[in-house]
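sequence first, then the predicted structure, then my questions.
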Amino acid sequence: MITKEVHFYSSKIKSLIVLVIAFIFILFFFNKKLGNAGLGLIVMFYLGFLLSLFGVVYSILLLFRTKPLLTVTDKQIIIYNLLRKPTTINFEDISSFYISNTTFRGIKTSESIYINIKSNPDPFGRKGNVINTDLLNVKASALLEILNSRRTIICKN
């Protein structure tokens, strides 16, 4: 049996937007004169600078990444992380998928697909793994359809 693999890569447009926004914040931090500012303001300033610098590094890593962030085969899902080793989940171990949106004052800020595992070996009570679809080059609803179709094929066999 030939396994069909579907690869999902990072969205270069979204990574470029993150890079531009992070560069704007870094330029703001370089042009800001702290002078006689209080200690709390100085600490917040440097924390913001470090966060923006991390955003630049992360978006550059995503822009030049040639490997996929997610691979869906006939038998498993492989979630690749930038800074960790990949996570592999077999479709036989999955009970369901669902989409979760995070909103702030009515504006959607992030969208993820949660994976419920049948036998939960995690002692901390987490229900499964998460596929963060914000940086992928696919919509969450289309990815959910692909995942559910692959899961139903495995469940029928």
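Thanks, I have it. Source: prediction; values computed, not measured. Numbers count the residues shown, from 1 in each chain.

which of the residues in stretch 45-62 are buried?
By neighbour count on 16 or more other C-beta atoms under 10 Å, the buried set for stretch 45-62 is Phe49, Ser52, Gly55, Val56, Tyr58, Ser59, Leu62. Heads up, the C-betas are built off the backbone N, CA and C, glycines and all.

looking at those residues, spot the one nearest Lys118.
Nearest to Lys118, judged by C-beta to C-beta, of those is Leu62 at 32.3 Å.

list the contacts of the closest one.
Contact partners of Leu62, counting by C-beta atoms under 8 Å, 6 or more residues apart in numbering, are Ser10, Lys12, Ser15, Val18, Leu82, Leu135.

and it, what are its phi and psi?
phi -70, psi -40 (degrees, to the nearest 10).

just Glu111 next, same as before
phi -140, psi 130.

would you map the strands across this structure?
With strands called from DSSP state E, the chain shows them at 6-8, 70-72, 76-79, 87-90, 94-104, 107-117, 128-132.

partners of the first one, with directions?
Listed by DSSP bridges, the sheet partners of strand 6-8 and their directions read strand 70-72 (antiparallel).

list the contacts of the strand it pairs with.
5-8, 77-80, 131, 136, 143, 146-147, 150.

now the buried members of these.
Counted by 16+ other C-beta under 10 Å, the contacts of strand 70-72 give Phe8, Ile77, Ile78, Ile79, Tyr80, Ile131, Leu136, Leu143, Leu147, Arg150 as buried.

tell me the centre residue of this protein?
Asn132 (3.4 Å; C-alpha atoms, centre = their mean).

tabulate the buried ones among the contacts of strand 70-72 (CSV), appending distance to Val43 and pLDDT.
Putting the buried ones among the contacts of strand 70-72 into CSV (distance: C-beta to C-beta, whole Å; pLDDT from 0 to 100) gives the following:
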residue, distance to Val43, pLDDT
Phe8, 39, 90
Ile77, 41, 89
Ile78, 40, 89
Ile79, 35, 88
Tyr80, 35, 88
Ile131, 35, 84
Leu136, 35, 86
Leu143, 40, 87
Leu147, 43, 86
Arg150, 48, 79
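
among the residues you listed, which pair sits farthest apart?
Tyr80 and Arg150 (17.7 Å).

the chain: helices as residue ranges?
For the chain, the helices defined by DSSP state H cover 12-31, 39-63, 140-156.

quick one: closest of the ones you listed to Phe97.
Short answer: helix 140-156, nearest of the helices of the chain by C-beta to C-beta, at 5.3 Å.
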